[in-house]
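can you look at this prediction? I've put the sequence above it.
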Amino acid sequence: MNRMSAGLGMAGSLLLVACNRAPTAGPMDAARLTAADADTAAWMTTGRTYSEQRYSPLAAINATTVDKLGLAWSAEFDTDRGQEATPLVADGVLYTTTAWSKVFAFDAKTGTSLWSYDPKVDGARGFSACCDVVNRGVALWGGKVYLGALDGRLIALDAKTGAEVWSVVTVDQSKPYTITGAPRVVKGKVLIGNGGAEYGVRGYLSAYDAETGNLVWRFYTTPNPDGKPDGAASDSIMAAKAGATWPDGVWKTSGGGGTVWDAMAYDPDLNLLYVGVGNGSPWNRMQRSGGKGDNLFLSSIVALRPDNGQYVWHYQTTPGESWDFTATQHIILADLTLDGKPRKVLMQAPKNGFFYVLDRTNGALISAKPYVGINWATGIGADGRPIENPAARYEKNFMIVAPGPFGGHNWHPMAFNPAEGLVYIPAIVGGFPYGDEGTPTHHEGAVNLGINLLLATLPDDAATRAAMKATLKGQLVAWDPVKQEARWTVEHPYYWNAGVLATAGGLVFQGDAEGRLAAYAAKDGKQLWSYDAGNGVVAAPATYSIGGEQYLAVMVGYGGAAALFTAWALPNQPRLPGRLLVFKLGGTATVAPYPRPAPVTIDLSTVKPAGDARAGLPLYNAFCMACHGANASGHYLPDLKTSPTILSPETFKSVIIDGARTAKGMVSFSRYLNAGQAESVRAYIVSEARKAQAEAPSGKPATGK
Ligand code: CA
């Protein structure tokens, strides 16, 4: 726990420099993790400390030396999907994960590979991953490394050898659950949640004994649809409070959502574990619970006792959420001076666009202000509830609501610099057209949002599309949580940028969608250094020191939800192998430039699908859009408009109906589509491909930069 108040930051850093003689060794246990802030050599848990500030007291790399920052070593991985992990470093070893839940251990000084582990996740599991087959990293405890695998397994590995020690299945694998988040370990319990709310699951957090893998407790975030107790830690609060907030609706079959897929933080002094809870399933509350009820604990921050999962308090950011406004975003604990008094606060910038400062002892709202442009609410009332714009619930008419489902801020970690008193937010500016679906549709096991996805289809007119694209952008916002206002903002042309690191060197590090890793001055946002990684960056960097030298490590590899769904608004990043780049002052290592694949064109002149493109459009939107993008704009999984698969009905059917590419994550859709419907989907994709070719006759890709 970082006990420094903002005013004591400088004295604190001097003290910590004095502590930077040698890495703290010894077993990874409660004492060592609780004191993680003083162990400047290491980065032992995903947010660096239990407070998850992602602030390092290391200062050798600073505003005056950063121009000498160069590559120390690098590694390239065997997957070209999104890379979201924050590397961990302890006792001279760097641990990271890649897409498909693979773990790698390196000598943190030299980059020598020590071991790797592949849980061999079935490629078909990719179908249930809304947001790419990513993984955000491991946890360390007692000589073991803990991994949450995409297919719902929690796996303990020997930290020295990578050998599997135990493995447990944490979800019903017949349902579309996934795990992408990093586990945390508190008091000998490994904490892991899951994802899948877009597909119809019931969210929960589990605690497993770190030594044995036995389940210790589970906390469900939505009521049991059958009305009975679960025999879980959540039973009493469900009966007393949450259950009554769920009137009848399709949640009884969809599970309600509320998945705990990313944020956690822990205060050892208060013995409170803080958990961020996700969106409803389906998104549209009109379907989910008849348009009524707050639907606890959707979109809430919940405080639990880590020992037994007992509920202590909650704060719901978006009661009755209907927009995918998760509160799973990064949670930061800090001690701020407010009105002259020290306060123990919890800070979050959830998707709904408000920056919240809560009293973390009891969950009381201290303040909340929008950190990006919003139109769904005008503020937060004295009762702690948003003052909603009634039209934003899209019950009668559609509305372009800001923020959209990617949020004002998504999973990309923030960072807090206590010396500057600033939280650095990787923010997203833009909106999304929400409209009621009308007649509800439900596709078991597939994406079910309860909204009219035809509204997300792009108009043919290129000028209108360009205007839409111009409304979407990214920002790095330096937010003063005391004044609840931005001190400075860096503008990014694209909106799916990387997580953030802050250091006592007065620097903020952030990568971007186009592949630049940059260092900004913590106080004013001036760019002081940048490096072209050659591939989009979405992960947050970590920093550590060995032998008195400070290192900066970052995973490179573009991907994630936006790369799939709204490729039309993003740079045209090809799929390139993930890399780990590690920098130090005076580093002179080099890495080969990525080979850029040549643009692909296909000859559509003789292609005449028998299907009806107009009938194919709603089918495409229902089953294909989540991974291949609106208007088949995706160029990531892969670009269907340039795929030879669409050239013949036989080839298309072999993939869509017969499942020829199941191992790569493209499962058979024969549960949902017959051969005639598949041919209509092909007709629709061919019509979009023809439009793209007409716009870009030179053969250059028709989307992106
Ligand atoms: Ca979601």
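Received, thanks. Numbers count the residues shown, from 1 in each chain.

near the ion, which residues of the protein?
Contacts of the chain with the ion, taken as Cβ under 5 Å from the ion, map to 279, 324. The way it works is simple: take the backbone N, C-alpha and C, and place the C-beta from them, glycine included.

and the gap between the residue most central in space within the chain and the ion?
Centroid-nearest residue in the chain: Trp411, 3.0 Å away (criterion: Cα atoms, centre = their mean). Relative to the ion, Trp411 is positioned 10 Å away (Cβ to the ion, to the nearest Å).

with adjacent residues omitted, what lies nearest to that residue?
Closest residue in space to Trp411, ignoring its immediate chain neighbours: Asp262 at 5.2 Å, by Cβ to Cβ, 6 or more residues apart in numbering.

one more: Asp230?
Nearest one to Asp230, counting by Cβ to Cβ, 6+ apart, is Asn224 at 5.3 Å.

now do Asp122
Asp151 (6.4 Å).

report the contact partners of the one you found.
For Asp151, the contacting residues are 101, 119, 121-122, 125, 173, 178-179, by Cβ atoms under 8 Å, 6 or more residues apart in numbering.

where does it land on pLDDT?
Note for Asp151: predicted pLDDT of 98.

repeat that for Leu15.
39.

before we move on, what about Ala11?
36.

same deal with Pro440?
pLDDT recorded at Pro440 is 88.

helix, strand, or coil at the nearest residue to Gly665 once chain neighbours are set aside?
Counting by Cβ to Cβ, 6+ apart, Gly665 lies nearest to Gly126, which is 2.6 Å off, once chain neighbours are set aside. Three-state call for Gly126 (DSSP: H, G, I helix; E, B strand; the rest coil): helix.

surely Gly126 and Val133 touch.
Yes - with contact defined as Cβ atoms under 8 Å, Gly126 reaches Val133; the gap is 5.0 Å.

any idea how far Glu198 is from Ser206?
Distance from Ser206 to Glu198, counting by Cβ to Cβ, to the nearest Å: 21 Å.

not counting sequence-adjacent ones, nearest residue to the residue in the stretch 1-150 of the chain positioned nearest to the ion?
Using Cβ to the ion, the single residue of the stretch 1-150 of the chain nearest to the ion is Cys130, 6.6 Å away. Closest residue in space to Cys130, ignoring its immediate chain neighbours: Glu198 at 4.6 Å, by Cβ to Cβ, 6+ apart.

tell me the secondary structure for the one you found?
Applying three-state DSSP: Glu198 is coil.

quick one: end-to-end length of stretch 433-453, please.
9 Å (Cα to Cα, to the nearest Å).

go on, stretch 457-472?
16 Å.

now the helices for the stretch 251-400 of the chain?
Secondary structure of the stretch 251-400 of the chain by DSSP state H, counting those that start in this stretch: the helices cover 251-254, 285-288.

looking at the ones you listed, which is buried most?
helix 285-288 (a mean of 25; mean count of other Cβ atoms under 10 Å).

what does that helix contact?
249-251, 254, 256-257, 280-282, 291-293, 295, 320-322, 393, 395, 436-437, 440, 450.

please report how far Ala567 lies from the ion.
The gap separating Ala567 from the ion is 18 Å, by Cβ to the ion.

count the neighbours of that residue for me.
25 (other Cβ atoms under 10 Å).

if I look at it, how far off is Trp488?
30 Å.

for the ion, what's its nearest residue on the stretch 601-705 of the chain.
Ala626 (10.8 Å).

between its first and last residues, how far does stretch 556-568 reach?
Stretch 556-568 stretches 21 Å from its first residue to its last (Cα to Cα).

repeat for stretch 35-46
15 Å.

just use 63 as the starting number from now, easier for me
That works, and once the first residue is 63, the last one we named lands at stretch 97-108.

okay, buried residues for that stretch please.
Within stretch 97-108, the residues scored as buried using 16 or more other Cβ atoms under 10 Å are 98-99, 101-108.

with stretch 648-667 instead?
Those would be 649, 656, 661, 663-664, for stretch 648-667 by 16+ other Cβ under 10 Å.

out of those, which comes closest to Lys222?
Comparing the buried residues of stretch 648-667 against Lys222 with Cβ to Cβ places Gly649 closest, at 27.4 Å.

hmm, Lys171 and that closest one touching each other?
No - if you go by Cβ under 8 Å, Gly649 and Lys171 don't touch, sitting 11.7 Å apart.

by residue count, what's the longest helix in the protein?
The single longest helix within the chain, with elements called by DSSP state H, is helix 737-757.

quick one: residues contacting the residue lying closest to Ser732 once chain neighbours are set aside.
Of all residues not flanking Ser732 in the chain, Ile719 sits nearest, at 4.9 Å (Cβ to Cβ, 6+ apart). Residues counted as contacts of Ile719 (Cβ under 8 Å, 6+ apart) are 730-732, 735-737, 740.

go on, Val419?
So Val419 contacts 398, 400, 407-409, 427-430, 543, 546 (Cβ under 8 Å, 6+ apart).

now swap in Ala396 and tell me
64, 113, 115, 407, 409, 478, 480, 543.

model confidence for the residue lying farthest from the centre of the chain, exactly?
Taking Cα atoms, centre = their mean, the residue of the chain most remote from its mean C-alpha position is Thr668, at 42.4 Å. With respect to pLDDT, Thr668 scores 95.

what is the burial count for the closest residue to the ion within the stretch 613-762 of the chain?
Nearest residue of the stretch 613-762 of the chain to the ion (Cβ to the ion) works out as Ala623 at 8.2 Å. When neighbours are defined as other Cβ under 10 Å, Ala623 has 21 of them.

same check on Thr283?
The burial count for Thr283: 29, using other Cβ under 10 Å.

for the closest residue to it other than its chain neighbours, phi and psi?
With Cβ to Cβ, 6+ apart as the criterion, Thr283 has its nearest non-adjacent residue at 3.7 Å, and that residue is Gly320. Here is the backbone geometry of Gly320 (degrees, to the nearest 10): phi 70, psi 40.

and the pLDDT at Gly320?
98.

contact partners for the residue nearest to Cys192?
Per Cβ under 8 Å, 6+ apart, neighbours of Glu260: 192, 343, 345, 386, 509-511, 688.

same check on Ala325?
By Cβ under 8 Å, 6+ apart, the neighbours of Ala325 are 114, 336-338, 389-393, 410.

and Met106, by the same measure?
Met106 sits next to 90, 94-95, 98, 150-152, 202 when contact means Cβ under 8 Å, 6+ apart.

strands - which of those land there?
150-152, 202 (DSSP state E).

just checking, the residue nearest to the centre of the chain touches Gln391?
Yes - between Trp473 and Gln391 there is a contact under Cβ under 8 Å: 6.9 Å.

what sits in contact with each of those two?
Residues touching both Trp473 and Gln391 (Cβ under 8 Å, 6+ apart): Asp324.

where does pLDDT dip in the chain?
Applying pLDDT under 70 to the chain flags the ranges 63-86, 759-767.

show me it divided up by domain.
78-647, 675-757 (automatic domain parsing).

out of these, which is the most enclosed?
Each of the domains of the chain was scored by mean neighbour count; the highest is domain 78-647, a mean of 21, by mean count of other Cβ under 10 Å.

determine how far that one lies from the middle of the whole chain.
Between the centre of domain 78-647 and the centre of its chain there are 5 Å (Cα atoms, centre = their mean, to the nearest Å).

please name the residues that touch the spatially closest residue to Val227 that is not a sequence neighbour.
Among residues not flanking Val227 along the chain, Ala218 sits closest, at 4.3 Å (Cβ to Cβ, 6+ apart). By Cβ under 8 Å, 6+ apart, the contact list for Ala218 reads 206-208, 226-229, 252, 272, 275.
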